[in-house]
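following is a predicted model, sequence given first.
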Amino acid sequence: AIPLKYGAQYTGKRSDEAMNKWRSNRFGQFIHWGLYAIPGGVWNGKTYNYAAEFLKSSAHIPTPVWDSLMYQFNPVKFDAKAWAKMAKKMGVKYMTITTKHHEGFCLWPSEYTNFTVANSPYKKDIIKQLVEAYNAEGIDVNFYYSVLDWHHPDWRYDIKTPEDSVAMSRYLTFAYNQLKELATNYPTVKAFWFDGTWDNSVKLNGKWTYEVEKMLKEVRPGVIVNSRLRADDYGKRHKDSNGQLMGDYESGYERRLPDPVTDLAVTKWDWEACMTIPENQWGYHKDWSISHVKSPLELLEMLVHTTSMGGNFLLNFGPSGEGTFRPQELNIANTIGAWMSKYGNVIWDCDYAGMKKEDWGYYTKKKGSNQLNMVVFNVPVSGLLRVNTPKGMILEKAAFLDSKGVSLKVEEIAANQYLIHIPVKQYTSPQVIQVDYREGNAKGSYEKAKT
Ligand SMILES: C[C@@H]1N[C@@H](c2nc3ccccc3[nH]2)[C@H](O)[C@@H]1O
């Protein structure tokens, strides 16, 4: 192994209480909110189709012009309690809020800059209100923090001169202080979601990323940081020069999911995928007709897919400059919430089942139980759900979660090969089948035929 000072601090999955809770949460709400929500992707009457939180660069807006949006930030309809209630109904167990996105505007009254809510017409601490409201609903709160900062004069994309180096180290001290401020002043924060760390200026500062992780865990023991924060001694990101995952979970899946057949390696570590409702809008965009908008059932399948591979699913909402969600977002929260109120137990505290992926859908398994869940999205015209079990696993019975008393026919067709018979009819939402099994070696009727 290559000797490293700033590489992975440990190997394997953390098994402490804080990480077990993070893992069991499984479903989270991402919220992108900032000055970008005011123009909402439209500038001087022109609509820009790229991500709304990038409007400053898409529309080539000078920093002073963009930053003056601070004087318009006044979300009069913002109601943290209402947001938290919506999230509770949706069935999320955690929420990740952008404390500061690439634009550099802070949703908390940071003492290290004037570019914060404190100097906007709104004035009040948005982070404090959200932390209190979501925690009151039993929802953990995590902080998104962009290291990339378009506002701060000392930010550098690369270090090409000694001046760059001096400026960037001033910036990293600023960012370190802000992070310490967040971890200190909001003591119930459970995790930090770092973004904007792909530039050379950060890759050359692996030591800083190591020190940030160390500081956060000293200030707030048990706190969790994503792999995206980290660069090692040689600028390697996410995984260090020895291939070891840095941080506490892998955060490389942005608007995409690992393949359930070819990417099974992800089941070996903790990971999270974050997802937008439109194709590529994290911040509020005025016009959602410019791309596909994912339906509740599309997103529900992504949640189940993620759980089936032992990952967390972070679904993004982009409130408007006034502090409201759009009808599509409310519909998604209600529809997914309705399903979660009935079937959330096949998501929360569930993990990869170690079963071979089948066409009809996904398996999940409740941690520490013999309870195997089948979430069926694609009912075969045959009505026969194929189940291949690992050696030593014998299926005993299966039933729809909705009608536990009515056993489904389980046909053993060969060693560790079964067909579960279900009615062929129009299903309008994913069906959940619970399977009981026992350990043992299969010796079904097919053996007699052989002799
Ligand atoms: C979680 C997501 N990460 C940010 C982002 N910035 C990018 C710059 C270049 C390419 C992809 C990016 N995603 C998006 O704005 C959002 O916050």
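Looks like it arrived, so ask away. This is a predicted model, so every value here is computed, not measured.

ok, now how distant is P64 from Y171?
19 Å (C-beta to C-beta, to the nearest Å). C-betas here are computed from N, CA, C, even on glycine.

higher neighbour count, those two?
Legend: neighbour count by other C-beta atoms under 10 Å for P64 and Y171, higher for Y171 (19 against 8).

and that one, what is it in contact with?
Y171 is in contact with 149, 152, 154-156, counting by C-beta atoms under 8 Å, 6 or more residues apart in numbering.

tell me how many other residues surround the residue lying closest to V432 once chain neighbours are set aside.
Spatially, and ignoring its direct neighbours in sequence, V432 is nearest to L401 (4.2 Å; C-beta to C-beta, 6 or more residues apart in numbering). For L401, the count of nearby residues is 16 (other C-beta under 10 Å).

quick one: L401 and H421, what's the gap?
Taking C-beta to C-beta, one finds L401 at 17 Å from H421.

and the residue nearest to W271 when sequence neighbours are not counted, what is it in contact with?
The shortest distance from W271 to any non-neighbouring residue, by C-beta to C-beta, 6+ apart, is to E250 (4.0 Å). Residues near E250 by C-beta under 8 Å, 6+ apart: 226-227, 238, 266, 269-272.

for K366, same thing?
K366 makes contact with 345-346, 349-350, 373 under the criterion C-beta under 8 Å, 6+ apart.

so where do the helices sit in the chain?
When assigned using DSSP state H, the helices of the chain occupy the ranges 17-25, 55-58, 63-67, 80-90, 126-136, 162-185, 200-203, 206-219, 296-308, 327-343, 446-450.

show me the one of the ones you listed that comes nearest A415.
A415 lies closest, by C-beta to C-beta, to one member of those: helix 446-450, at 7.5 Å.

what average pLDDT does the closest one get?
The average pLDDT for helix 446-450 rounds to 48.

and the stretch 151-300 of the chain, which of its residues are near the ligand?
Contact residues, the stretch 151-300 of the chain versus the ligand (C-beta under 6 Å from any ligand atom): 195, 254, 274, 282.

same thing but at 8 Å, please
195-196, 198, 254, 274, 282-283 (C-beta under 8 Å from any ligand atom).

tell me which of those fall in strands.
Counting by DSSP state E, those place 195, 254, 274 in strands.

do you know how far the closest residue to the second one other than its chain neighbours is from K85?
Spelled out, that is E254. Counting by C-beta to C-beta, 6+ apart, E254 lies nearest to C274, which is 5.6 Å off, once chain neighbours are set aside. According to C-beta to C-beta, C274 stands 23 Å off from K85.

quick one, which of those two is more surrounded?
C274 (22 against 16).

that one pairs with what?
Counting by DSSP bridges, C274 forms beta bridges with E254, L314.

identify the residues contacting the residue of the stretch 251-400 of the chain at minimum distance from the ligand.
Of all residues in the stretch 251-400 of the chain, W282 sits closest to the ligand, with a separation of 4.1 Å (C-beta to the nearest ligand atom). Applying C-beta under 8 Å, 6+ apart, we find W282 in contact with 30, 32, 51-53, 276, 316, 318.

now, which of these lie within strands?
Going by DSSP E, the strands hold 30, 316 from the contacts of W282.

V76: which of the contacts of W282 is nearest?
Using C-beta to C-beta, these come closest to V76 at G318, 17.8 Å.

residue of the stretch 101-250 of the chain nearest the ligand, please.
Nearest residue of the stretch 101-250 of the chain to the ligand, counting by C-beta to the nearest ligand atom: D195, 4.9 Å away.

next up, the contacts around the nearest residue to that residue once chain neighbours are set aside.
Nearest-residue entry for D195: S146, 4.9 Å, with adjacent residues in sequence omitted and distances by C-beta to C-beta, 6+ apart. Listed by C-beta under 8 Å, 6+ apart, the contact set of S146 reads 98, 100-102, 104, 194-196.

with pLDDT added, can I get the residues you listed in TSV?
Below are those laid out as TSV (pLDDT from 0 to 100):
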residue	pLDDT
T98	99
K100	99
H101	98
H102	98
G104	98
F194	98
D195	98
G196	98
